[in-house]
Every structure is written in C-alpha cells, then in structure tokens.
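Student: My questions concern the predicted model and sequence given below.
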Amino acid sequence: MSTEQTTAANGFSYTLTRTLDAPAAKVWRAWTTPDQYAQWAYAAAGSVEMDVRPGGAWKATMVTPDGGQFPLTGTYLEVVENRLLVIGMDVPGKAAPAAMTMELDEQDDHHAQIVLRQTCDTAEERDMAEQGSTMLLDSLSAFLAEETRD
C-alpha cells in the first residue's frame, strides 16, 4: 500500500492506494451492498442502509475495538458503478459534508487497484481519517480474501 499526505491551501489531504486480490465489480459489491459492507467495515449488524445513487442516503453504526458505537450518516455525491464512489459524511457542527473518494481501476481479471482520498480541515483530522481508512482497507482485503476461498 502506498500513502501520500499533502497540505493543500484549503486543507490537509491523504491518498491511500492498494491493489486488491479481486476484480473491481467484486470490490464494488463489498463497498455498496449493506450485508457485505457490515461484514468488513466494523458496522453493527443490521445498522447499514445504502441508497447508492447520487443524492442517495446512507447510514451505519460503527463499532470501535473497545465496543463503543457511533452512528454515521451521509449521502452519495457521485456514483459511477465499479469505478467511482464519492461519499459525503455528515459532520456535526459543519455545514458541508466531509467527502471521501473511492476509485477503482481494474488491473486484470483478478485484481483491482483501489484509491481512497480525503481532504480534512486539520492535520489531526487527516491523521485520524487516514488511520480509519487504512483499517478499512486492511479489513476489506481480508474480507475479499475470505470470499475468494469460499
């Protein structure tokens, strides 16, 4: 996995890139199907709802390693099936949603490259978001590997 951190004039950004052992369509389904997403994304069972279209809403209750739970909500800002998902996340106290971009690039029949990007207001927010995104990619990789064995 490669990681890039930048400080832009309008915020603090990170980019995570990883090649996954699954075709883009399979990665897309894992990211956009509630029951699959709940299995790898640290979401509480039954808490994930997704209307995967521009302007469609999503929600999930995330579970932390210590058992804490926190609800997340947002909307999909851009959707290009098997290629691009721009996810808006509602942030208390902020007028605009925080956006995370997930891009998929088919490498061959069995591999896809995934790129996650996000710009945050502070270096601390960026570092926390990057840590969370890295955990998601690790868990997604493990989920896809298990799916391949089944």
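Tutor: The structure has been received and is ready for your questions. Because the structure is a prediction, the values reported are computed rather than measured.
Student: List the residues that contact Ala99.
Tutor: 77, 86-89, 118-119 (Cβ atoms under 8 Å, 6 or more residues apart in numbering). Backbone N, C-alpha and C define where each C-beta goes, glycine included.
Student: Now with 10 Å, please.
Tutor: 74, 77-78, 86-89, 117-119 (Cβ atoms under 10 Å, 6 or more residues apart in numbering).
Student: Next one: it from Met89, what distance?
Tutor: Computed as Cβ to Cβ, to the nearest Å, the Ala99 to Met89 distance reads 7 Å.
Student: Point out where the protein drops to low pLDDT.
Tutor: 1-10, 148-150 (pLDDT under 70).
Student: just the helices in it please.
Tutor: Along the chain, counting by DSSP state H, helices occupy 24-32, 34-40, 123-149.
Student: Report the distance from the first one to the chain centre.
Tutor: This means helix 24-32. Relative to its parent chain, helix 24-32 has a centroid offset of 11 Å by Cα atoms, centre = their mean, to the nearest Å.
Student: angle of that helix against helix 123-149?
Tutor: Helix 24-32 and helix 123-149 meet at an angle of 120 degrees, taking axes from the mean of the first three to the mean of the last three Cα atoms, to 10 degrees as the criterion.
Student: Tell me the helices and strands packed up against helix 24-32.
Tutor: Using 3 or more Cβ pairs under 10 Å, 6 or more residues apart in numbering; DSSP states H and E as the contact test, the elements touching helix 24-32 are strand 11-20, helix 34-40, strand 69-80, strand 84-89, strand 98-108, strand 111-120, helix 123-149.
Student: Could you dump these into JSON lines and include distance to Thr61?
Tutor: Shown next, in JSON lines, are these (distance: least, Cβ to Cβ, whole Å):
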{"stretch": "strand 11-20", "distance to Thr61": "24"}
{"stretch": "helix 34-40", "distance to Thr61": "10"}
{"stretch": "strand 69-80", "distance to Thr61": "5"}
{"stretch": "strand 84-89", "distance to Thr61": "14"}
{"stretch": "strand 98-108", "distance to Thr61": "18"}
{"stretch": "strand 111-120", "distance to Thr61": "21"}
{"stretch": "helix 123-149", "distance to Thr61": "15"}
